[in-house]
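Chemist: sequence and predicted model, in that order:
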Amino acid sequence: MPRPISAVIHTAALAHNLARVRQAAPASKVWAVVKANAYGHGIARAYGALRGADGFALLDLAEAEKLRALGWVGPILLLEGCFAAEDLALCERLNLWHVVHCREQIDWLAVHRGSRAHRVFLKMNTGMNRVGFPPAAYGAAWQRLNALPQVGEITHMTHFARADEDGGIDEAMQRFAQGVGTLPGERSLANSAAVLRHGGDRRVAADWVRPGIALYGSSATALSPDAAHWGLQPAMSLRSELIDVQHIAAGERVGYGGLFTAPHAMRIGVVACGYADGYPRVAPTGTPVVVDGVRTRLVGRVSMDMLCVDLEPVFAAGGQPGVGSTVLLWGQDAQAELPIDQVAAAAGTLGYELMCALAPRVPVRVE
Ligand SMILES: *Cc1c(COP(=O)(O)O)cnc(C)c1O
């Protein structure tokens, strides 16, 4: 028998979450953001459930090729645009739309001898200070692009740094409006947090929204409001089983470094899951884990291939946990749901990082 760990991708949840996003921004076209191999879910696995989107957004040219190979003939947007001049030829061959965020990308277009006009998204830096033209330089960049025969339609675009905070988009909205001024063209601003919080506002939802994390059933806003509040369903589950049970006396310690000391005699379950599977090593004692449908906690340090859990709550609930008992690390199983955001919060990170870190050695099933 193979090691009992597995990940499950729930395609019905992906389709449901896409519908939720559409509901939140009913007047906008939707880019399904599938960068980082669909946030760890696998582009090929997610494709069928997300093909109801108006387009797919990602940043890796190889992932764009994969989508075309899967049969997608609609729009694909490269969120970071071209990384070198020669990428423009591939954009033409695969009919990719691309972001333009710096002067060099305009220079490459200006000397490119191609066969078709490029559809570009011109990116404004409205406060993230990562990529994009500052508002004051935006108009000139647009004029230069617009004058190039190599360039077709230009969409105005920005990305919010603080969409998950109350009032977190106000300043960026103002800068965007100022930078765009009266220039014609479609607009795209909103990531998941902005869609969920402000999707009903036409200025924020605009022509194209760009949800990523919401499609995968995690709340972009960490815990509050949580994914259930937004009506999102977990699209990835990480499941395993107990491979041993230890009966330990009061004062015994558990795991590397002996970080956990048993306050009384207790039964400890050993789970076939460790940081080499993508489970965060920094997750401390107390991180939620579900055993046989009963919520309990991780104890001690996560090791490469195993982690330990407190079985007392499971016995207290009338369970008889033993070797082969089912363990839910995050997501859902037949008996319970454990939001990935709760595990992430305990580990001091976000659902994004846990999904993307799912290790290649974990077998993945699609349900
Ligand atoms: C990743 C990304 C998104 C999606 O962000 P989420 O928070 O996952 O919704 C949208 N726009 C750009 C430019 C991105 O890089």
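Modeler: Right, received. Where do you want to start?
Chemist: can you give me the mean pLDDT across the lengthiest strand in the chain?
Modeler: Criterion DSSP state E: the longest strand present in the chain is strand 236-248. If you average the pLDDT over strand 236-248, you get 98.
Chemist: strand partners of it, parallel vs antiparallel please.
Modeler: Each strand that strand 236-248 pairs with, and the sense of that pairing, follows from DSSP bridges: strand 6-9 (antiparallel), strand 266-271 (antiparallel), strand 326-332 (antiparallel).
Chemist: tell me the first helix or strand C-terminal of the longest one.
Modeler: Past strand 326-332, further along toward the C-terminus, the next helix or strand under DSSP states H and E is strand 337-338.
Chemist: so what touches that next one?
Modeler: Outside of strand 337-338, the residues within contact range by C-beta atoms under 8 Å, 6 or more residues apart in numbering are 234, 288-290, 295, 328-332. No exception for glycine: its C-beta is placed from N, CA and C like everyone else's.
Chemist: each with direction, which strands does it pair with?
Modeler: Listed by DSSP bridges, the sheet partners of strand 337-338 and their directions read strand 326-332 (antiparallel).
Chemist: work out the gap between the partner strand and the centre of the chain.
Modeler: Between the centre of strand 326-332 and the centre of its host chain there is 19 Å, according to C-alpha atoms, centre = their mean, to the nearest Å.
Chemist: can you tell me how far residue 117 sits from the ligand?
Modeler: As judged by C-beta to the nearest ligand atom, to the nearest Å, residue 117 and the ligand stand 23 Å apart.
Chemist: how close does the residue of the chain found nearest the ligand get to residue 11?
Modeler: Per C-beta to the nearest ligand atom, residue 212 is where the chain lies closest to the ligand, at 2.6 Å. Between residue 212 and residue 11 the computed distance is 17 Å (C-beta to C-beta, to the nearest Å).
Chemist: please apply the same query to residue 190.
Modeler: Residue 190 sits at a distance of 25 Å from residue 11 (criterion: C-beta to C-beta).
Chemist: the more surrounded of these two?
Modeler: When residue 190 is set against residue 11 and neighbours are counted by other C-beta atoms under 10 Å, the residue ahead is residue 190, at 30 against 17.
Chemist: surely that one touches residue 201?
Modeler: No - no contact is recorded between residue 190 and residue 201 when judged using C-beta atoms under 8 Å, the distance being 9.2 Å.
Chemist: would you mind naming what in this structure lies close to the ligand?
Modeler: By the rule C-beta under 6 Å from any ligand atom, the part of the chain lying against the ligand is 33, 35, 79, 159, 191-192, 210-214, 220.
Chemist: quick check: which ranges of the stretch 201-350 of the chain have low pLDDT?
Modeler: Counting by pLDDT under 70, the ranges of the stretch 201-350 of the chain that qualify are 222-223.
Chemist: where along it do the strands fall?
Modeler: For the stretch 201-350 of the chain, strands defined by DSSP state E, counting those that start in this stretch occupy the ranges 208-209, 236-248, 253-254, 260-261, 266-271, 288-291, 294-299, 307-310, 326-332, 337-338.
Chemist: how far off centre is the fifth one?
Modeler: Centroid separation for strand 266-271 versus its chain: 32 Å, with C-alpha atoms, centre = their mean.
Chemist: repeat that for the fourth one.
Modeler: Once both centres are worked out by C-alpha atoms, centre = their mean, strand 260-261 turns out to sit 34 Å from its chain's centre.
Chemist: can you pull out the residues in contact with that strand?
Modeler: By C-beta under 8 Å, 6+ apart, the list of residues contacting strand 260-261 from outside reads 251-254, 285, 299-300, 308.
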